[in-house]
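S.K.: Sequence below, structure please.
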Amino acid sequence: MTGRPQNDLLRQLTPRDFELLAPYLQPVEVEASHILHHAGDAVAAVHFPCGPTLVSFAVPVEDDREVESLLVGREGAVGVAAGRNPSLAYSRIVVKLGGTLVRLPLRALEQAQQRSAALQEVFSRYADCQFAQLLQTAACNAAHSIEQRAAKWIISAQEHIGQAEIPLTHEQLAGMLGVSRSYASRVIQMFKARRILATRRGAILILDAAALDARACCCNDWVKKHFDEVRGAAPADG
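M.R.: Got it, this is the predicted structure:
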């Protein structure tokens, strides 16, 4: 492919390191609800969400429910934590918001990392950030209310896509929270009553971002702070 995809992880690479990967990058268009992996599938490629594309990790729990444990957008990649060899997916990995993904075979990434210690360091640091995000999500699910978590997820989705109208249904929000659709709808109605949110068919519109932020937990802020610290400590050259 020509040019740099709209993915922050790929765009932070040095020109030399990007050229090591460029011949193997394959853009693919995906729709919402497209499943990249079921739990137990072999993971043999890294996928980089581009632009507003958003991918989620859905972990199964009892009663045939799933809980969203991770959202990945243009800031990162899916499959990096699989390491240097193909491994098995622990969760269902599904496209939350459709758009462009750039696919890179893990084998090609491994070969490039053998040629560049700086490239290996970039992906190692991102894997650290992703693990921190998972830890923060676990703490959030245990410590914070449904209202706080709902506000957090909506803000996170908005930050990933960069617009106030988020193509997110009540059912999708329920999946993020690990609650029933009716419960998620009651939370949304509460936000609507306070004129914080509005809804359109298949979308949520943020009317008062400051009020929504005031009702969210601080988990997103802690994760972003860690991302900034880890990236700030990265080597400057390749």
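
S.K.: In this structure, mark out all the helices, start to finish.
M.R.: For the chain, the helices defined by DSSP state H occupy 8-11, 15-21, 106-115, 117-143, 146-161, 170-177, 181-193, 209-215, 219-232.

S.K.: any chance of the ones you listed in JSON lines, plus distance to residue 99?
M.R.: Yep, even glycine has a C-beta here, placed from its N, CA and C like the rest. Shown next, in JSON lines, are the helices of the chain (distance: least, C-beta to C-beta, whole Å):
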{"stretch": "helix 8-11", "distance to residue 99": "15"}
{"stretch": "helix 15-21", "distance to residue 99": "20"}
{"stretch": "helix 106-115", "distance to residue 99": "22"}
{"stretch": "helix 117-143", "distance to residue 99": "20"}
{"stretch": "helix 146-161", "distance to residue 99": "9"}
{"stretch": "helix 170-177", "distance to residue 99": "15"}
{"stretch": "helix 181-193", "distance to residue 99": "24"}
{"stretch": "helix 209-215", "distance to residue 99": "23"}
{"stretch": "helix 219-232", "distance to residue 99": "21"}
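
S.K.: closest to residue 59 out of those?
M.R.: Closest to residue 59 of those is helix 117-143 (C-beta to C-beta; 9.7 Å).

S.K.: follow-up on the earlier one: closest to residue 80 out of the helices of the chain?
M.R.: Among the helices of the chain, helix 117-143 sits nearest to residue 80 (C-beta to C-beta), with 5.1 Å.

S.K.: tell me which strands and helices the closest one is in contact with?
M.R.: helix 15-21, strand 66-72, helix 106-115, helix 146-161, helix 219-232 (3 or more C-beta pairs under 8 Å, 6 or more residues apart in numbering; DSSP states H and E).

S.K.: Show me how far that helix is from its chain's centre.
M.R.: Mean-position distance between helix 117-143 and its chain equals 11 Å (C-alpha atoms, centre = their mean, to the nearest Å).

S.K.: circling back: out of the helices and strands packed on helix 117-143, which comes closest to residue 55?
M.R.: strand 66-72 (4.8 Å).

S.K.: hmm, back to that, could you dump the helices of the chain to a markdown table with distance to residue 72 and mean pLDDT?
M.R.: Formatted as a markdown table, the helices of the chain follow (distance: least, C-beta to C-beta, whole Å; pLDDT from 0 to 100):
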| stretch | distance to residue 72 | mean pLDDT |
| --- | --- | --- |
| helix 8-11 | 10 | 94 |
| helix 15-21 | 18 | 96 |
| helix 106-115 | 16 | 94 |
| helix 117-143 | 8 | 91 |
| helix 146-161 | 9 | 91 |
| helix 170-177 | 13 | 86 |
| helix 181-193 | 21 | 95 |
| helix 209-215 | 22 | 96 |
| helix 219-232 | 12 | 86 |
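
S.K.: Dump those to JSON lines, plus distance to residue 32 and mean neighbour count.
M.R.: Shown next, in JSON lines, are those (distance: least, C-beta to C-beta, whole Å; neighbours: other C-beta atoms under 10 Å):
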{"stretch": "helix 8-11", "distance to residue 32": "21", "mean neighbour count": "18"}
{"stretch": "helix 15-21", "distance to residue 32": "27", "mean neighbour count": "16"}
{"stretch": "helix 106-115", "distance to residue 32": "25", "mean neighbour count": "16"}
{"stretch": "helix 117-143", "distance to residue 32": "21", "mean neighbour count": "16"}
{"stretch": "helix 146-161", "distance to residue 32": "12", "mean neighbour count": "21"}
{"stretch": "helix 170-177", "distance to residue 32": "8", "mean neighbour count": "21"}
{"stretch": "helix 181-193", "distance to residue 32": "17", "mean neighbour count": "16"}
{"stretch": "helix 209-215", "distance to residue 32": "22", "mean neighbour count": "14"}
{"stretch": "helix 219-232", "distance to residue 32": "22", "mean neighbour count": "15"}
